[in-house]
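# Build me a model from this:
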Amino acid sequence: MPAEALLLQTKLDVPLIRGHLVAPDRLLAHLPATPGTRLVLLSAPAGFGKTTLLAAWCHALAASGRATAWLALDAGDNDLLCFLTYLRAAVVRAAPPAGMLLTAKPSAGSRFLTELLNALAALEHDLVLVLDDYHAIESPAIH
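Got it, this is the predicted structure:
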């Protein structure tokens, strides 16, 4: 059985926006809609709608044809191999061409990261990667 089959697939799904939850347009307008932005950091206390806002952003990007990779993190993802395995799955799901360039397994460490970065650089389009709840990551190796 492939390692991806053992992953919790819901960690890779952009959450659906429920009818009663609406991301304020004024906040959504602050998130980049065009390629070129390297990093967006969204920080607010628990319950302030960060995940809802990011999900609305991802759905808007996807509707405009932009590739988005989602990874919902939790304390269990502090293991480097677990983190890299989920990261690989998120990228491959969002940009299948990148997956064809990855031969190294996440357990190969720096070789895997080199292949991943090369695969991302070879994509013909930008890829938005959302790491939801990154505050749960405490591992220096992951940082």
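# Quick one: residues contacting Ser64.
Taking CB atoms under 8 Å, 6 or more residues apart in numbering as the definition of contact, the neighbours of Ser64 are Ala33. Yep, even glycine has a C-beta here, placed from its N, CA and C like the rest.
# Distance check, it against His125.
Between Ser64 and His125 the distance, using CB to CB, to the nearest Å, works out to 11 Å.
# Also Phe48?
Distance check for Phe48 against His125: by CB to CB, it reads 31 Å.
# what are the ranges of the strands in this protein?
In the chain, the segments counted as strands under DSSP state E are 67-72, 127-132.
# right, and those - which one's nearest Ala94?
In terms of CB to CB, the element of the strands of the chain nearest to Ala94 is strand 67-72, at 3.6 Å.
# Can you tell me which of the strands of the chain is most buried?
Neighbour counts averaged per stretch over the strands of the chain are highest for strand 67-72, at a mean of 21; criterion: mean count of other CB atoms under 10 Å.
# List the strands paired with that one, with their directions.
Looking at strand 67-72 with DSSP bridges, its partner strands are strand 127-132 (parallel).
# Can you give me the pLDDT of Pro24?
Looking at Pro24, its pLDDT reads 68.
# same check, this time on the one 3 residues further on
With respect to pLDDT, Leu27 scores 75.
# Just confirm it contacts Leu53, I think it does.
Yes: counting by CB atoms under 8 Å, a contact exists between Leu27 and Leu53, whose distance comes to 5.6 Å.
# Compare the two (neighbour count), which wins?
Leu53 (20 against 16; other CB atoms under 10 Å).
# gap between that one and Pro15?
Leu53 sits at a distance of 11 Å from Pro15 (criterion: CB to CB).
# thinking again about what came up before, what's the closest of the strands of the chain to Ala44?
Relative to Ala44, the nearest member of the strands of the chain by CB to CB is strand 127-132, separated by 12.8 Å.
# now the strands of the chain in JSON lines, with distance to Pro32 and mean pLDDT?
What follows is those, written out as JSON lines (distance: least, CB to CB, whole Å; pLDDT from 0 to 100):
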{"stretch": "strand 67-72", "distance to Pro32": "12", "mean pLDDT": "94"}
{"stretch": "strand 127-132", "distance to Pro32": "9", "mean pLDDT": "93"}
